[in-house]
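# Task: produce atomic coordinates for the following.
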Amino acid sequence: MPMARRRQIYEGKAKILYEGPEPGTLIQYFKDDATAFNAQKKGTISGKGVLNNRISEHVFTLLGNIGIPTHFIRRLNMREQLIRQVEIIPIEVVIRNVAAGSLTKRLGIEEGTQLPRTIIEYYYKDDALGDPLIADEHIACFGWASQEEMHDIADMAIRVNDFLSGLFAGIGIRLVDFKLEFGRLWENEYARVILADEISPDGCRLWDMVSNEKLDKDRFRQDLGGEVEAYQEVARRLGLLPEGPDNAVLDLETHRKKRGK
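Predicted coordinates for the structure are as follows:
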């Protein structure tokens, strides 16, 4: 458990945010809690927080390297990372390459259909309303984000999709769809939009390219079982877990060596 003396800023479905060590920073703690269907289904995936922390750290670091601004500063320990404090834009950005999930239900398209072009969808972040699908018109009308911010968001979403599609294809995984969240980083009077939240199998649909096996939270949503193994498999293919039968997530010795401590 995280230390009790820290001030908790916010608790979400999968993460807790604590006050950071210096102004403008927060500590993001990854829980093992799993939810689906806007928290109507609840459970625990043992060790998920540790894996998602590692996977998200890896992906955000790579995105930072190609010039995508993110809230990630550094990983602190197995379950926590230091992040920049942002004002979250209340829009979930969903990028779809292959038909799955709500798209198949809404439009009657068969799951697994390759989309002729990538679709970007926006959902209003509100659990009580079930995160409804919204259009650009709603965003402009209710002032959730400016036109300029939406332009930046769409631009970054496409770049992240291009990069991640290639990254995952290289390890035999099809990036079906995924969710991004963005926030405003205030610098004096000026705010710029940066990538926030996390990127992990919690918010992505990842299918094995050969078997079409699901390596993501759909295993929990659909009661397929083997959630931990699926998340571990993604981490292993990304080179974040030592190859071997134990798949020891907590191999601190090699981690220290890598960081040259």
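# could you pull out the helices for the protein?
For the chain, applying DSSP state H gives helices covering 48-65, 102-107, 136-142, 147-169, 218-221, 227-237, 252-259.
# Poorly predicted segments of this structure, please.
1-4, 243-261 (pLDDT under 70).
# tell me the contacts of the most centrally placed residue in it?
In the chain, the residue lying closest to the centroid (CA atoms, centre = their mean) is Ile199, at 2.4 Å. Residues near Ile199 by CB atoms under 8 Å, 6 or more residues apart in numbering: 55-56, 59-60, 63, 160, 164, 178, 180. Just so you know, the C-beta spots here come from the backbone N, C-alpha and C atoms, and that holds for glycine as well.
# 6 Å - rerun?
56, 59 (CB atoms under 6 Å, 6 or more residues apart in numbering).
# returning to that earlier point: as TSV, the helices of the chain with mean neighbour count and distance to Leu76 would be great.
Shown next, in TSV, are the helices of the chain (neighbours: other CB atoms under 10 Å; distance: least, CB to CB, whole Å):
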stretch	mean neighbour count	distance to Leu76
helix 48-65	20	9
helix 102-107	13	35
helix 136-142	13	34
helix 147-169	16	24
helix 218-221	20	26
helix 227-237	20	18
helix 252-259	10	12
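# possible to save these as JSON lines with distance to Phe72?
Formatted as JSON lines, those follow (distance: least, CB to CB, whole Å):
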{"stretch": "helix 48-65", "distance to Phe72": "4"}
{"stretch": "helix 102-107", "distance to Phe72": "28"}
{"stretch": "helix 136-142", "distance to Phe72": "25"}
{"stretch": "helix 147-169", "distance to Phe72": "13"}
{"stretch": "helix 218-221", "distance to Phe72": "25"}
{"stretch": "helix 227-237", "distance to Phe72": "17"}
{"stretch": "helix 252-259", "distance to Phe72": "16"}
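# Minimum distance to Met78: which of those helices has it?
Between Met78 and these, the tightest spacing by CB to CB is seen for helix 48-65, at 4.9 Å.
# how far off helix 227-237 does that closest one point, in degrees?
30 degrees (axes from the mean of the first three to the mean of the last three CA atoms, to 10 degrees).
# Only the C-alpha atoms, please, for helix 48-65, written as CSV.
What follows is helix 48-65 as a C-alpha-only set of coordinates in CSV (Å, rounded to 0.1, in the frame of the first residue of the first chain):
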residue,chain,number,x,y,z
LYS,A,48,-1.7,-5.6,-13.0
GLY,A,49,-0.6,-2.3,-11.5
VAL,A,50,3.0,-3.3,-11.6
LEU,A,51,2.8,-4.4,-15.2
ASN,A,52,0.8,-1.3,-16.4
ASN,A,53,3.3,1.0,-14.6
ARG,A,54,6.2,-0.7,-16.6
ILE,A,55,4.4,-0.8,-19.9
SER,A,56,3.1,2.8,-19.6
GLU,A,57,6.6,4.1,-18.6
HIS,A,58,8.1,2.3,-21.7
VAL,A,59,5.5,3.6,-24.1
PHE,A,60,5.5,7.2,-22.8
THR,A,61,9.4,7.2,-22.9
LEU,A,62,9.4,6.1,-26.5
LEU,A,63,6.7,8.7,-27.4
GLY,A,64,8.7,11.4,-25.7
ASN,A,65,11.7,10.4,-27.8
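# Check which helices and strands that helix sits against.
In terms of contacts (3 or more CB pairs under 6 Å, 6 or more residues apart in numbering; DSSP states H and E), helix 48-65 is packed against strand 25-30, helix 227-237.
# just so I know, which of those lies nearest Ala36?
Among the helices and strands packed on helix 48-65, the nearest to Ala36 by CB to CB is helix 227-237 (11.1 Å).
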